[in-house]
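Trainee: A structural model of the following input is requested.
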Amino acid sequence: SILIPVYSEESVIVRRINNIFESTYPKNKLEVIVIDSGSPDKTLSEIHSNFQNKVTLITEEERKGKAHAINLGLEKCSGEIIIITDATALYDRDTVLELVNSFKDSSVGAVSALYRVPNSEDSHVSASEHKFWLHKDEVRILESSIHSTSWLSGEACAFRNKIIMKVNEDTLADDSNISLQIISKGYRSIVNQKAYFAERSPTQFYDYVRVKSRRTLGGLIETLRFKSFFF
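Mentor: You can find the predicted model right below:
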């Protein structure tokens, strides 16, 4: 089951869903669920026009946050494996298959993919993001080889159904919240080195700082929430 929380994504939602259906993973085993949080643009009409009877659509009248949207989607999932992604991300053709293959290891409860920055040459900001993620993915790979990483990418966040019943709705880092929940229940949280996703980086300094500030604060909140893991 693939969950896509969306808000005002009319320009990318068709491309995103098509990208999922172009995966090498068997289409008859895919369940795509889109949760729209009251988008004021044409996101809903784009989905209705292009994917009638191909996706499950959940609609909220007002926006209540990504975590709330994820929880609505979790209630509808029927797949053994759940993958959360963003409307702005794109997967390599084998990414879904590779993510699912990781669960052949019974100790694995959650899996993520490596990040590629497709616009790394657009500005110094996007170049910095590219370098940052090269190093961050190296750390996540090392963590995975030892035991677990505490940070799954929200663009490619896969986990076993029924282990996570809900995401804490006060979180600013749903991917980290899921990873730490998984670890707290005795499973490993890892990165698959054969799975990739791409998402454009901010190119303006202000946008970059805003995104990084939110991610940093979200990580700190989850660190404190799971402070029992210290030492």
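Trainee: Just the mean pLDDT for the longest strand seen in the chain, thanks.
Mentor: In the chain, assigned by DSSP state E, the strand with the most residues is strand 188-198. Strand 188-198 shows a mean pLDDT of 97.
Trainee: got it, and stretch 160-176?
Mentor: The pLDDT scores in stretch 160-176 average 94.
Trainee: Tell me, please, where in the chain the pLDDT is lower than the cut-off.
Mentor: Counting by pLDDT under 70, the chain shows no low-confidence range.
Trainee: Apart from its chain neighbours, what residue comes closest to I17?
Mentor: F51 (5.8 Å; CB to CB, 6 or more residues apart in numbering). Yep, even glycine has a C-beta here, placed from its N, CA and C like the rest.
Trainee: buried set for the biggest helix by length in the chain?
Mentor: For the chain, the longest helix by residue count, based on DSSP state H, is helix 124-146. Using 16 or more other CB atoms under 10 Å as the test for burial, helix 124-146 gives V125, S126, A127, S128, E129, H130, W133, D137, R140, E143, S144.
Trainee: mind checking how far the third one is from P202?
Mentor: What that stands for is A127. 12 Å (CB to CB, to the nearest Å).
Trainee: now do the last one
Mentor: Applying CB to CB, one obtains 27 Å for the distance of S144 from P202.
Trainee: for the second one, same thing?
Mentor: When CB to CB is applied, the distance between S126 and P202 equals 7 Å.
Trainee: Just confirm S228 is within a helix.
Mentor: Yes. The assignment for S228 (DSSP: H, G, I helix; E, B strand; the rest coil) places it in a helix.
Trainee: Contacts for stretch 89-102 next, please.
Mentor: 2, 15-16, 19-20, 22-25, 30, 81, 83, 85, 108, 111-113, 155-156, 158, 190, 192, 194-199 (CB atoms under 8 Å, 6 or more residues apart in numbering).
Trainee: meant to ask about stretch 196-206, not that
Mentor: So stretch 196-206 is in contact with 85-86, 88-92, 95, 113-120, 122-123, 125-126, 129-130, 153, 155-156, 208, 211, going by CB under 8 Å, 6+ apart.
Trainee: Of these, which belong to strands?
Mentor: Among the contacts of stretch 196-206, the residues falling in strands (DSSP E) are L90, Y91, A113, L114, Y115, R116.
Trainee: What helices and strands are in contact with the helix or strand harbouring I35?
Mentor: Assigned by DSSP states H and E, I35 belongs to strand 32-37. Strand 32-37 sits against strand 2-6, helix 13-21, helix 43-50, strand 56-60, helix 66-74, with contacts defined as 3 or more CB pairs under 8 Å, 6 or more residues apart in numbering; DSSP states H and E.
Trainee: Report the inter-axis angle for it versus helix 43-50.
Mentor: Calculated by axes from the mean of the first three to the mean of the last three CA atoms, to 10 degrees, strand 32-37 forms an angle of 150 degrees with helix 43-50.
Trainee: what about strand 32-37, distance to the chain center?
Mentor: From the chain centre to the centre of strand 32-37 is a distance of 13 Å (CA atoms, centre = their mean, to the nearest Å).
Trainee: go on, stretch 137-153?
Mentor: On the basis of CA atoms, centre = their mean, stretch 137-153 sits 16 Å off its chain's mean C-alpha point.
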